[in-house]
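Peer 1: please find the sequence and the predicted model below.
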Number of protein chains: 2
Amino acid sequence: MKKIILLIALFEFSLFVNAQLVSSTKEQRPNIIVFLVDDMGWMDTSVPFADSVYPLNKQFHTPNMERLAKEGMKFTNAYSSPVCTPTRASMLSGMNAAHHGITNWTSPIKNKNTDNPDDQFTPASWKINGLSPVPIYDSTTYATTFPHILQDAGYYTIHVGKAHWASAGTPGASPLNMGFIINVSGHAAGHPQSYLGEENYGNLTGKTTPQAVPDLEEYFGTDTFLTEALTIEALKALEVPIKNKQPFYLNMAHYAVHIPIMEDKRFIKKYIEKGMNIVEAKYASLIEGMDKSLGDIMAFLKRKNIDQNTIIIFMSDNGGLSMVPLRGGNENTQNYPLKAGKGSIYEGGIRVPMLIKWPGVAKSSSINRQQVIIEDFFPSVLEMAGIKNYKTIQKVDGQSFVPLLKNISFTAKERAFIWHYPNKWISKDNLGINYKSAIRRGDWKLIYNMRDGSKELYNLINDIGEKNNVAKSYPDKVKELAKELSQQLRSWKSPMPIVKITGRFVPMPDEL
Amino acid sequence: MKKIILLIALFEFSLFVNAQLVSSTKEQRPNIIVFLVDDMGWMDTSVPFADSVYPLNKQFHTPNMERLAKEGMKFTNAYSSPVCTPTRASMLSGMNAAHHGITNWTSPIKNKNTDNPDDQFTPASWKINGLSPVPIYDSTTYATTFPHILQDAGYYTIHVGKAHWASAGTPGASPLNMGFIINVSGHAAGHPQSYLGEENYGNLTGKTTPQAVPDLEEYFGTDTFLTEALTIEALKALEVPIKNKQPFYLNMAHYAVHIPIMEDKRFIKKYIEKGMNIVEAKYASLIEGMDKSLGDIMAFLKRKNIDQNTIIIFMSDNGGLSMVPLRGGNENTQNYPLKAGKGSIYEGGIRVPMLIKWPGVAKSSSINRQQVIIEDFFPSVLEMAGIKNYKTIQKVDGQSFVPLLKNISFTAKERAFIWHYPNKWISKDNLGINYKSAIRRGDWKLIYNMRDGSKELYNLINDIGEKNNVAKSYPDKVKELAKELSQQLRSWKSPMPIVKITGRFVPMPDEL
């Protein structure tokens, strides 16, 4: 009963997240759409994010992303966490993953640590149940979400698609507790059981897993691909605020392009005809289906005559999967020229495509090479909405990238970017996967390997592919970055694995 | 793809259901809550709906219904259909079940006739896929729903709980297509797989049926009973319109007290201690849990200081289940003094508890003995909202009961009430169950048995228990009512079973 009473407290929640200082020109507040793709790599697009066009850019067909890039600003140094829940929790809380402590993906089942068992380490005390809007749930991080603040300031907040902020059995599992007025298909799962309407998106009697996608029964038995169904539902939900002339925030969080890699039959044909590997062809069709959704949304905004007052932020939640046989081709080539992929601390795991269209503010066809990271979304979206002096439970780590949008020549003060993955994502260590931390400052990136205490140093300006570990040549830089990384992790009380044989935490990088 | 295009047309739908003639005093438009219970019988309450207190009234404990009755008007001759989907479709469309043709419950699976197979009859061509907001789906009835009209007139429309208007794979499966801005847990299923948070309301890997309740993942693994979870979600959803000072319509449609009859452990103890049959004790706990929800909602309205501007309409969707062993006790005693129960054309199947609180309009502690029926909800709710001259695809059969609320001595013009159940609900015919039609005019009620063409006549003023079939004593009344019933069914083109041996429709009652 205690839990019930506390759950009841939830719907009073918005009262103490005070709506603050709404922009004076209420009528002109922009609509904001975050178009968040799941597991989309930096190279999974015909928009080149690297300095030149690579073969992968020719493999994928994303005309609507091209259009968005043309109508807005492209960020070539945008970062997420190596896996999804940490990214999603950072976005909603404005906290770095090493700070909120949700460093791995959360299980749809409560109290279940998704770390693989390990001979050397006992798991870190990360927040295995995810993000929470109330303080009383075990192994969760209590934070104020920016959609709550938007909602309190009069925004109509809509979540569509994958949520995956918390485990089932905790309030964070429901977008309705995270500041969203509307939720379509968001829950505790991190991927869909099926993309196919013909398979009821997994809702099949006796065959259902926690990944069966909720809320789409009207499409059961039809040939509506999940990406399409979610798009239709999003546009349906948008009718309400548009009609009421209420500004909206849409969290358009596609399940695509996460596994299971299933063909989107609307787009598969040309990739097969190109002679592509069948898995990669299916993947490319998932990508193009996602791009079609972006195009449909842009067309809808135009039709409703609100495209000039709507900001679109395109983002992915981590790097592209690069493990074979889940992907086709050769292992760890899927994000080339970046190294490795999802789960890795290397650029392939954390550098993601990011585009922003803000009519009248962000210059069209502009390119911004400054570094931004997922926790920056929190203060940025609130600044876009004109909301100031809001209160949060947590200390927000992110910095607004709005100045970068407003002025292409604006240079942000240099700061350090931190990644922390004290977890075992897959059973065998792979390139940059399992038990890593990293820090980037300027073009220098230091990686800390918890297994053996070793450090790698790369200079990304010359070596985006992280091929040349120059740690030995720059011991002072290693020391400086190890110190900064360690100090930050200590100050955030970041979770660390425990060395079984000593019973002690893995040392911080500056202790070795 | 054709279907997809038509689905896309859905979110333009609200544009051609024109919002019409909203009451001039916009700020004072009342909030409206329909509190719809599933399978609750006329006697399943401590509020006596009969002329005196019966033993069943002492068996159940519903203090909040008592309070609602005290603060509003009690309707003692309120009717539904014998089973749930026909009732729910009548409510949403304003059409009699014999008119909309959704005469039986719809399967969660599309194109599946839920009629039991029969030796004598081929199934009637009823609308097996249910209600639809668009015209192009097979075996559906296309109608404008009143929530759509409310939404277009500026109401914030919320559905919580059981929907069950249409089969999965058709748009009517989703409340979001039926005029609701918010949907929590409404889908194509007619009952919950489980009431228990401990059982994830049925969402158990590999054990899931189409009845697994969606949208409640935050309560998985907790001890939150389904009735409680839905109540919390409803109040959470209400925060938005209350904060925005927008009038709301809440369709609070509990899954309780439908099977599976599972104990609500918050309330079971006293019923066990009374020495009740265990199934009946569990059922009584389901009832009291539902009543607790009503109380929580009333307390919430008071706390928000909107109780004086909120109308509450309490209703059930059909009579109480009376079949053993699904229920405890002796077969068909569960609605005594009414005869039979759910599925039956006798009073036990169709007469339901109805209460309305409308502060300042409906007199407190008042009793209205005039007849009303579920399709009356459509024009009544719209009249309460001050919406006039609305357009509907269908011809609405219901009549507003608002005049009855405004003036206790107002006498509505006498009209006929029709029930039509040309279906085989259970495998063996039971008291008034399977292949029946009925008409009530004044206190006379005629029942038509399609099996053998026989007719029964009862005078309900003396014989609420339908014990004395007086058809032989009043042949003219039988003839008159058979004619009126037949004419109405003919004019509505109501579905009729086909006699296998002749290949012809069952004759209308006036043809025999």
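Peer 2: Thanks, I have it. Numbering: from 1, shown residues only, chains lettered A, B, ... in the order given.
Peer 1: now stretch A:376-386: buried residues?
Peer 2: A:376-382, A:384-386 (16 or more other CB atoms under 10 Å in any protein chain shown). Backbone N, C-alpha and C define where each C-beta goes, glycine included.
Peer 1: got these as CSV, with distance to residue B:110 columns?
Peer 2: Shown next, in CSV, are the buried residues of stretch A:376-386 (distance: CB to CB, whole Å):
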residue, distance to residue B:110
A:376, 46
A:377, 40
A:378, 43
A:379, 47
A:380, 44
A:381, 40
A:382, 44
A:384, 43
A:385, 42
A:386, 47
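Peer 1: inside helices: which ones of these?
Peer 2: Under the assignment DSSP state H, the buried residues of stretch A:376-386 contribute A:377-382, A:384 to helices.
Peer 1: tell me the secondary structure at residue A:490.
Peer 2: At residue A:490 the chain is in helix, as set by DSSP: H, G, I helix; E, B strand; the rest coil.
Peer 1: relative to chain B, how far out is it?
Peer 2: According to CB to the nearest CB, to the nearest Å, residue A:490 stands 33 Å off from chain B.
Peer 1: ok, now which ones touch that residue?
Peer 2: Applying CB atoms under 8 Å, 6 or more residues apart in numbering or on different chains to residue A:490 gives the contacts residue A:508.
Peer 1: which bits of the stretch 51-200 of chain A sit near chain B?
Peer 2: Applying CB under 8 Å from any CB of the partner chain, one finds that the stretch 51-200 of chain A approaches chain B through A:108-110, A:151, A:154, A:168-174, A:176-177, A:181-184, A:187-188, A:200.
Peer 1: mark which of those are part of strands, please.
Peer 2: Using DSSP state E, A:182-184 are the members of those that sit in strands.
Peer 1: select from those the one having the most neighbours.
Peer 2: residue A:182 (28 neighbours; other CB atoms under 10 Å in any protein chain shown).
Peer 1: and the next element down the chain from the helix or strand of chain A with the lowest mean pLDDT?
Peer 2: The weakest-scoring helix or strand in chain A, judged by mean pLDDT, DSSP states H and E, is helix A:13-16 (a mean of 38). As assigned by DSSP states H and E, the chain's next helix or strand after helix A:13-16 is strand A:31-37.
Peer 1: CA atoms only for that next one - export them in CSV, please.
Peer 2: Output of strand A:31-37 as CSV, limited to C-alpha atoms (Å, rounded to 0.1, in the frame of the first residue of the first chain):
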residue,chain,number,x,y,z
ASN,A,31,6.9,23.7,-31.4
ILE,A,32,9.8,21.3,-30.9
ILE,A,33,10.2,17.8,-32.3
VAL,A,34,13.0,15.5,-31.2
PHE,A,35,13.2,12.8,-33.9
LEU,A,36,15.2,10.1,-32.1
VAL,A,37,16.4,7.1,-34.0
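Peer 1: and for the closest residue to chain B within the stretch 251-400 of chain A, the neighbour number?
Peer 2: Closest residue of the stretch 251-400 of chain A to chain B, CB to the nearest CB: residue A:266 (8.2 Å). Neighbour count for residue A:266, taken as other CB under 10 Å: 16.
Peer 1: which residues touch it?
Peer 2: Here residue A:266 is in contact with A:225, A:228, A:285, A:288-289, A:292 (CB under 8 Å, 6+ apart).
Peer 1: same deal with residue A:458?
Peer 2: A:444-445, A:447, A:466, A:468-470.
Peer 1: please indicate which of those are buried?
Peer 2: The neighbour count (16+ other CB under 10 Å) marks A:444-445, A:447, A:466 as buried among the contacts of residue A:458.
Peer 1: in the buried residues of stretch A:376-386, find the pair that's most separated.
Peer 2: With distances taken as CB to CB, the most widely separated pair in these is A:376 and A:386, at 17.5 Å.
Peer 1: which residues touch stretch A:473-484?
Peer 2: Here stretch A:473-484 makes contact (CB under 8 Å, 6+ apart) with A:416, A:439, A:441, A:444, A:446, A:448, A:455, A:457, A:471, A:509-510.
Peer 1: any idea how far that stretch is from the middle of the chain?
Peer 2: 29 Å (CA atoms, centre = their mean, to the nearest Å).
Peer 1: next, the buried residues of it.
Peer 2: Buried residues in stretch A:473-484, defined by neighbour count with 16+ other CB under 10 Å: A:477-478, A:480-482, A:484.
Peer 1: likewise for stretch A:497-512?
Peer 2: Within stretch A:497-512, the residues that count as buried by 16+ other CB under 10 Å are A:497-498, A:505-506, A:508-510.
Peer 1: would you list those in JSON lines and tack on pLDDT?
Peer 2: Listed next are the buried residues of stretch A:497-512 as JSON lines, based on pLDDT from 0 to 100:
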{"residue": "A:497", "pLDDT": "98"}
{"residue": "A:498", "pLDDT": "98"}
{"residue": "A:505", "pLDDT": "98"}
{"residue": "A:506", "pLDDT": "98"}
{"residue": "A:508", "pLDDT": "98"}
{"residue": "A:509", "pLDDT": "97"}
{"residue": "A:510", "pLDDT": "97"}
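Peer 1: of these, which is the nearest to residue A:345?
Peer 2: residue A:509 (12.7 Å).
Peer 1: shouldn't that closest one be in contact with residue A:449?
Peer 2: No - here residue A:509 does not reach residue A:449: they are 9.3 Å apart, not a contact under CB atoms under 8 Å.
Peer 1: which neighbours do the two share?
Peer 2: residue A:455.
Peer 1: can I get the contacts of stretch A:473-484 in TSV including distance to chain B?
Peer 2: Shown next, in TSV, are the contacts of stretch A:473-484 (distance: CB to the nearest CB, whole Å):
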residue	distance to chain B
A:416	36
A:439	35
A:441	39
A:444	42
A:446	39
A:448	36
A:455	41
A:457	43
A:471	45
A:509	38
A:510	41
